[in-house]
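Visitor: structural data only, the sequence is not supplied:
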């Protein structure tokens, strides 16, 4: 049987470890190593105004997109789990679309609707709103790609918790909002946190969709990932490495936070 | 507060859960809704609580139409089979929940919670979380929580169903005493006839969404109106078209008029009582319940041939209702 003997157990472990090493650990380690090899010029490159603005923009966009998707995600999960309506299966399927579609395609589809020649283009320019090649477009793209995370984390938790506690709260006189705030939200809080954490990590690292809709204007619509890619393409490899390290550290600290949540949930 | 349900019906898709049910629950009484699973008893309770809206019919609480009033404003205490404890709150906060929603003073809440915890024998456990309590303790906490808001009506959905036999027995007796103390109109749902007989003053027997019969426990036992009720509120034997309680089966050592020959298949000693399992000449099974003293006097043994005769029995029509003109006095046979 698979995994029954000592040798095959060690064999499997070795394979898993080797696979991870070649794909993840060695490349990431190399970036760390290279970034700190010539830390002087790399630091200079990363402290120029365009680079600082790019990281600022990434954090700002994440700070807008994640709360939006948290509210939407919890609301949508409640709708899917606690109510019955026609078209529920359709909504359920649509929510998963960002998982399935390439971010580049998402970016292009946003262009088709919101750019000057797009479906809403005339109305938007008539009202002086610029979406594409500006901050709103980047936020839209980030919201789009991080849409499913909170919903998908909260739905199973809502199922598991059941609705008896909510019914008990109702019979004790609580209205909808009191029931949600005092009973439902505390019961699903780890699921929500977990969803927020992965969505945040995803938002920080988003490249494809943002690259299409942002216009990649340095110092204006350039996000951290785009700055890193551009730095690399203009042979500023040290800057690119250190930028990558900074982004990786941000994302990894988010992952560490996630593991803390996981452990709390287990207790 | 009295509760009246008039012609309530509720369907879930194609499933008819409650079918034109009318019941009356007197003020201050302790009533059981008894029936097998799927009989609609829980749905009826949830309709009374406002957790379900009936498709048709009305619910009157103290004479006022409450059918469209949501659970939140109905002033009912509801206890769930699986406790529905607020897991992220301490015992104190669970019990205080309804009072906090009603924005009572903190001092008043603390005092009331303390009184209630004493009432349900959970004093000293106020700072625990539900996960640190046993099943029986959790259910008593849920009861205290429901009683905290001084409900007009207390509704319990299979309150002891998830507990083990010993705890269940204790809580039954305790619920009876509690009702004597608090005197709130109480309805509880159960599928356990023994529990219903032991706790309730009035029993409503339900089957496939309809009320089969309602009345005091003794009346249901002595004068069941249907085959279903007779079988559900106590053990029953069937002899052709005659339904006989095991304690109404006489065992004789000699053939007598009206007595059938039978062989003793098993003797089960249950302490004070003995269950005699018999096989009739035709091959049908039958069992009799007699006292230990009677069994000794008859010197019963396994494999022995005896003669059995029902001292009392009941005949119902084929549709399960009492035979004859349907008057409450079903056809009762006294063979003596």
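Guide: Perfect, thanks for sending it. Note that the structure is predicted; figures quoted are calculated from it, not measured.
Visitor: state the distance from residue B:174 to residue B:216.
Guide: To residue B:216, residue B:174 is 22 Å away according to Cβ to Cβ, to the nearest Å. Where C-beta positions appear, they are placed from N, C-alpha and C, glycine not excepted.
Visitor: again, but for residue A:168
Guide: Counting by Cβ to Cβ, the gap from residue A:168 to residue B:216 is 31 Å.
Visitor: am I right that residue A:186 is in contact with residue B:93?
Guide: No. Residue A:186 is beyond contact range of residue B:93, at 10.9 Å (criterion: Cβ atoms under 8 Å).
Visitor: neighbour count for the two, which is higher?
Guide: Between residue A:186 and residue B:93, counted using other Cβ atoms under 10 Å in any protein chain shown, the more crowded position is residue B:93 (18 against 15).
Visitor: circling back to that earlier point, the more surrounded of residue B:174 and residue B:216?
Guide: Applying other Cβ under 10 Å to residue B:174 and residue B:216 shows that residue B:174 carries more neighbours, namely 16 against 13.
Visitor: residues in contact with the helix or strand harbouring that one?
Guide: Using DSSP states H and E, residue B:174 maps to helix B:165-182. The set of residues external to helix B:165-182 that reach it, using Cβ atoms under 8 Å, 6 or more residues apart in numbering or on different chains, is B:30, B:119-120, B:134-136, B:139-140, B:143, B:147, B:154, B:156, B:159-160, B:163, B:186, B:188, B:195, B:198-199.
Visitor: on contacts alone, who are the packing partners of whichever helix or strand comes after that helix?
Guide: Beyond helix B:165-182 in the direction of the C-terminus, DSSP H and E gives the next helix or strand as strand B:185-190. Under the contact criterion of 3 or more Cβ pairs under 8 Å, 6 or more residues apart in numbering or on different chains; DSSP states H and E, strand B:185-190 touches strand B:30-34, helix B:41-49, strand B:153-157.
Visitor: got CSV for those, with mean pLDDT, mean neighbour count and distance to chain A too?
Guide: What follows is those, written out as CSV (pLDDT from 0 to 100; neighbours: other Cβ atoms under 10 Å in any protein chain shown; distance: least, Cβ to the nearest Cβ, whole Å):
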stretch, mean pLDDT, mean neighbour count, distance to chain A
strand B:30-34, 96, 26, 17
helix B:41-49, 96, 24, 6
strand B:153-157, 95, 24, 8
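Visitor: re earlier: please convert the buried members of the contacts of helix B:165-182 into ChimeraX selection syntax.
Guide: The following ChimeraX line selects those of the contacts of helix B:165-182 that are buried, judged by 16 or more other Cβ atoms under 10 Å in any protein chain shown:
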select /B:30,119,120,135,136,139,140,143,147,154,156,159,160,163,186,188,195,199
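Visitor: shaky segments in the chain?
Guide: Answering for chain A, as no chain was given. A:1-4, A:261, A:264-267 (pLDDT under 70).
Visitor: oops, wrong one, chain B.
Guide: For chain B, the ranges with pLDDT under 70 are B:318-336.
Visitor: check contacts around the residue of the stretch 101-250 of chain B found nearest chain A.
Guide: Ranking the residues of the stretch 101-250 of chain B by distance to chain A (Cβ to the nearest Cβ) places residue B:101 first, at 4.7 Å. For residue B:101, the contact set (Cβ under 8 Å, 6+ apart) comprises A:172-174, A:178.
Visitor: chain B: which of those is nearest?
Guide: Among the contacts of residue B:101, and counting by Cβ to the nearest Cβ, the member closest to chain B is residue A:172, at 3.7 Å.
Visitor: residue contacts, the nearest residue to that closest one once chain neighbours are set aside?
Guide: Nearest residue to residue A:172 in three dimensions, chain neighbours excluded: residue B:98, at 3.7 Å (Cβ to Cβ, 6 or more residues apart in numbering or on different chains). Contact partners of residue B:98, counting by Cβ under 8 Å, 6+ apart, are A:172-173, B:145, B:148-149.
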